[in-house]
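Chemist: quick one: sequence plus predicted model below, questions after.
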Amino acid sequence: MKKYQLVIQWSSCSINTYDLMIEAEDMLIEKLTEANEVDGHDAGADEVNIFIHTDNPEGAFEEVKTILGGSAYWIDIKAAYREVSESEYTVLWPEGLEEFNVA
């Protein structure tokens, strides 16, 4: 079991966001290194999330940026991580974001 859960999150302001999230999830499953494991997604009223289990959340996020950065997938993205056994998130992206929640 990996120590951290990295969450990639978008606002769910449209159905296109959900479709983009599924496409992004498929890309991450295909291209992330074996050290990082996509653990599914969820969609709520206000957000869609992709969950990644990892022992190195900063390194995993750098991989996510390489895979998704500069594309439509990157618009309005948020990213944070927590220890699997904890509930408080540490924000990685965007810079200056102070609060991160998964509904």
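Modeler: Everything's here; your move.

Chemist: what does the longest helix along the chain contact?
Modeler: For the chain, the helix reaching the highest residue count under DSSP state H is reported as helix 15-31. The contact list for helix 15-31, computed with Cβ atoms under 8 Å, 6 or more residues apart in numbering, reads 8, 10-12, 38, 41, 43, 48-50, 52, 63-64, 67-68, 72-73. For every residue, glycine as well, the C-beta is placed using N, CA and C.

Chemist: rounded mean pLDDT for that helix, please.
Modeler: Over the span of helix 15-31, the pLDDT mean works out to 88.

Chemist: roughly how far out does it sit from the chain middle?
Modeler: Here the centre of helix 15-31 is set off from its chain's centre by 11 Å, with Cα atoms, centre = their mean, to the nearest Å.

Chemist: re the thing from before, of the contacts of helix 15-31, buried ones?
Modeler: If you count burial by 16 or more other Cβ atoms under 10 Å, the buried members of these come out as 8, 10, 12, 38, 41, 43, 48-50, 52, 63-64, 67-68, 73.

Chemist: tell me the one of those residues nearest Val102?
Modeler: Using Cβ to Cβ, the shortest approach to Val102 within the buried ones among the contacts of helix 15-31 belongs to Asn49, at 5.9 Å.

Chemist: wait, the closest one sits on Val38?
Modeler: No: judged on Cβ atoms under 8 Å, Asn49 makes no contact with Val38 at a distance of 11.4 Å.

Chemist: may I see the buried residues of the worst-scoring helix or strand of the chain on mean pLDDT?
Modeler: Least confident element among the helices and strands of the chain, by mean pLDDT, DSSP states H and E: helix 15-31 (a mean of 88). Residues 17, 20-21, 24-25, 27-28 are the ones in helix 15-31 that count as buried (16+ other Cβ under 10 Å).

Chemist: touching the very next helix or strand once past it from outside, list them.
Modeler: The first helix or strand that comes after helix 15-31 along the chain, using DSSP states H and E, is strand 36-43. In this structure, residues lying in contact with strand 36-43 by Cβ under 8 Å, 6+ apart are 2, 5-6, 12, 18, 21-22, 25, 28-29, 32, 48-54, 56, 59-60, 63, 102.

Chemist: thanks a lot, see you next time.
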